[in-house]
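Chemist: next comes the sequence, and after it the predicted model I'd like to discuss.
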Amino acid sequence: MVGSFRNEPFVDFSVPENRRAMEEAVARVRSSLGRHYPLVIGGDSVTTREEIVSTNPARPAEIVGYVSKADPELADRAIRSAYEAFGRWSRYSPDARARVLLRAAAIMRRRRLELNAWQVLEVGKTWVEADVETAEAIDFLEYYAREMMRLGAPQPLTPLPGEENEQRYIPLGVVVVIPPWNFPLSILTGMTSAALVAGNTVVLKPSSLSPVIGAKVADILFEAGIPEGVLNFTPGSGGAVGDVLVSHPLTRMIAFTGSKEVGLRINELAARTAPGQKWIKRVIAEMGGKNAVIVDESADLPAAAQAIVTSAFGFQGQKCSAGSRAILLDAVHDRVLEMIVERTKALRIGDPALYETQVGPVVDLSQFKKVLEYIDVGRREGRLVAGGRPFGESAERPEQAGYFIEPTVFVDVQPQARIAQEEIFGPVLAVIRARDFDHALEIANGTEYGLTGSVYARDRAKLEKARHEFHVGNLYFNRKCTGALVGVHPFGGFNMSGTDSKAGGPDYLLLFTQAKAISEVL
Ligand SMILES: NC(=O)c1ccc[n+]([C@@H]2O[C@H](COP(=O)([O-])OP(=O)(O)OC[C@H]3O[C@@H](n4cnc5c(N)ncnc54)[C@H](O)[C@@H]3O)[C@@H](O)[C@H]2O)c1
Ligand SMILES: N[C@@H](CCC=O)C(=O)O
């Protein structure tokens, strides 16, 4: 008997014993860096000459691992292997598939601190951010396992005398899973496990910035009981391998999370029917955001300022949910701004391998350069009141010192400015002044995105207005706009933020199935 779903608690690192254990985990993982990881196709480990070299963004000379790199031919082999395995896996009962996920959750729980440490070293997450992510990965496994048990049970239909009727949810076929690097453990685990538990087979192509964590998850799923061929692990270049996987005639569905540009390309490619293809491919594409926190004059101002700083600079602003715009009502603008600046300047920047660090590096050199270019744009579009530079030695030699950028705040930003419209995906906050609450909502809705948003207000009428008019997939009141919990805040956005698939919610698994109605005359 499986109990009801509950979110995994977070580790409390203020407890000295937990702190010591995490320090040891970082040291242990550090001593196992630099290993080689193969592809896995049809149960075979495949080693390639060309490899992805994954490095630590806080110490770019430190090599986290070497990961074999699929080419178009290996990508084709992986799809065929998944296609061949589908007949077997789809016949496992929903409960049997769910049990594999529960076992994977138990393995992750046992390896909790180790998985945290891999995130710290491969993508620069602080301890707390990494731990929240590992908890989310466990939540996805536990939640989707129960969801499949629910969907596998008989579904209620209207009775008709003289007939026996049923509707069952059957899998689709081969699902190509393409996750981003910024939640390298949880989003990858969530999309992959949803596809698998629904009875599909998977070709998983992790981001080239976090392939070692991808390899760890694949190992855990195999250890938990995923049979050979059912999961195929094929890191590789997005362009070369991604295109082959997406356009393959045997691919039935693509589950993508990443940028708007790549999501739209995948959507277009998948819409073309390849010779021999027998279905319309299904695409879910969860993409970027340009999220806003609105502060009304009735709000708890210190709480709002703290939430703005946490939403903007958590994981260095590299969350699709990041609150990269603060929209402050004129009446409270200056007071809230002062608190934002004070809290931003107090953030501790440094190596995320250390417990006390609150802001680590951005993920790689290209992101480092891109964010600094946006900061230059910001200097022309607004007034700099905090940050604005690479941190410490990163200014002169980022490739040795790491990709650290100071948390940066611009004020007097116009709603149509580039830094208020484009997803920067770094520690840059644009503060915008609004005349009144209606104006604030108009600004908040005035981008092409619609992912998360937050309103700080005590005025009930304003909250109700926002409830109807703030057009985002995840709307929060008197709370930060990051940190959705599985089962509690189903996650996904509107407009160019994606297909609103609501990961971690009761509708998600349906996207990986098709419903079959069977009727027998008695
Ligand atoms: N809405 C959400 O739930 C959500 C969650 C996390 C991240 N994101 C978004 O993801 C982006 C950051 O992640 P990223 O930098 O990894 O995004 P990205 O689009 O650059 O890459 C995402 C994945 O797509 C792959 N890829 C790249 N080109 C491809 C192609 N032509 N065909 C197939 N696959 C290809 C990459 O290798 C990677 O695995 C941000 O825009 C962020 O907002 C959205
Ligand atoms: N689900 C995460 C964001 C995922 C995107 O990067 C949150 O709610 O903060």
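Modeler: Sure, I can see it. Ligands and ions are numbered 1, 2, ... in the order given.
Chemist: count the residues that sit near residue 448.
Modeler: The tally of other residues near residue 448 (other CB atoms under 10 Å) stands at 13. Just so you know, the C-beta spots here come from the backbone N, C-alpha and C atoms, and that holds for glycine as well.
Chemist: quick one, phi/psi of it?
Modeler: Per-residue torsions, residue 448: phi -80, psi -10 (degrees, to the nearest 10).
Chemist: give the contact list for it.
Modeler: Taking CB atoms under 8 Å, 6 or more residues apart in numbering, we find residue 448 in contact with 290, 421, 495-496.
Chemist: over to residue 278?
Modeler: No contacts exist for residue 278 under CB under 8 Å, 6+ apart.
Chemist: doesn't it belong to a helix?
Modeler: No - counting by DSSP: H, G, I helix; E, B strand; the rest coil, residue 278 is not found in a helix; it is coil.
Chemist: for it, give its distance to residue 220.
Modeler: 33 Å (CB to CB, to the nearest Å).
Chemist: so which of the contacts of residue 448 wins on neighbours?
Modeler: residue 290 (26 neighbours).
Chemist: do I have it right that it meets residue 452?
Modeler: No - the pair residue 290 / residue 452 is not scored as a contact, 10.0 Å apart, by CB atoms under 8 Å.
Chemist: show me what the helix or strand that contains residue 134 is packed up against.
Modeler: If you go by DSSP states H and E, residue 134 is part of helix 127-152. The helices and strands touching helix 127-152, judged by 3 or more CB pairs under 8 Å, 6 or more residues apart in numbering; DSSP states H and E, are helix 94-110, helix 112-123, strand 163-171, helix 186-197.
Chemist: residues in contact with the longest one?
Modeler: With CB under 8 Å, 6+ apart as the test, helix 94-110 has contacts from 2, 8, 89, 115, 134, 137-138, 141-142, 144-146, 148-149, 151-152, 189, 193, 196-199, 220-221, 223-226.
Chemist: list buried residues within the residues you listed.
Modeler: The neighbour-count criterion (16 or more other CB atoms under 10 Å) marks 8, 89, 115, 134, 137-138, 141-142, 144-146, 148-149, 151-152, 189, 193, 196-199, 220-221, 224, 226 among the contacts of helix 94-110 as buried.
Chemist: let me see the ranges of the strands in the stretch 351-500 of the chain.
Modeler: Secondary structure of the stretch 351-500 of the chain, counting by DSSP state E, counting those that start in this stretch: strands at 383-386, 408-411, 428-434, 452-456, 474-477.
Chemist: tell me which residues in the last one are buried?
Modeler: Across strand 474-477, burial judged by 16+ other CB under 10 Å covers 474-476.
Chemist: counting contacts, what elements does that strand pack onto?
Modeler: Partner elements for strand 474-477 (3+ CB pairs under 8 Å, 6+ apart): strand 452-456, helix 460-469.
Chemist: how about the third one?
Modeler: When contacts are defined as 3+ CB pairs under 8 Å, 6+ apart, strand 428-434 packs onto helix 301-313, strand 323-329, helix 333-345, helix 365-381, strand 408-411, helix 418-421, helix 437-444.
Chemist: list the pairing partners of it within its sheet, with orientation.
Modeler: Using DSSP bridges, strand 428-434 pairs in its sheet with strand 323-329 (parallel), strand 408-411 (parallel).
Chemist: mean pLDDT, distance to ligand 1 and mean neighbour count for those strands - can I get that in CSV?
Modeler: Below are those laid out as CSV (pLDDT from 0 to 100; distance: least, CB to the nearest ligand atom, whole Å; neighbours: other CB atoms under 10 Å):
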stretch, mean pLDDT, distance to ligand 1, mean neighbour count
strand 323-329, 98, 10, 27
strand 408-411, 98, 18, 26
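Chemist: to ligand 2, which of the ones you listed lies closest?
Modeler: Ligand 2 lies closest, by CB to the nearest ligand atom, to one member of these: strand 323-329, at 9.9 Å.
Chemist: I figured residue 504 hits residue 492, correct?
Modeler: No - taking contacts as CB under 8 Å, residue 504 lies outside contact range of residue 492: 9.1 Å.
Chemist: from residue 270, how far out is the nearest residue to residue 273 once chain neighbours are set aside?
Modeler: In space, and not counting its chain neighbours, residue 273 is closest to residue 280: 7.8 Å by CB to CB, 6 or more residues apart in numbering. Computed as CB to CB, the residue 280 to residue 270 distance reads 9 Å.
Chemist: repeat that for residue 484.
Modeler: For residue 484, the distance to residue 270 - CB to CB - is 26 Å.
Chemist: before we move on, what about residue 462?
Modeler: In this view, residue 462 and residue 270 are 41 Å apart by CB to CB.
Chemist: so between the two, which is more surrounded?
Modeler: A direct count of neighbours by other CB under 10 Å for residue 462 and residue 270 places residue 462 higher, at 24 against 21.
Chemist: show me what contacts that one?
Modeler: For residue 462, the residues meeting the contact criterion (CB under 8 Å, 6+ apart) are 296, 298, 437, 455.
Chemist: what does the stretch 351-500 of the chain have sitting close to ligand 1?
Modeler: 423, 425, 451, 493, 497-498 (CB under 6 Å from any ligand atom).
Chemist: alright, that wraps it up for me.
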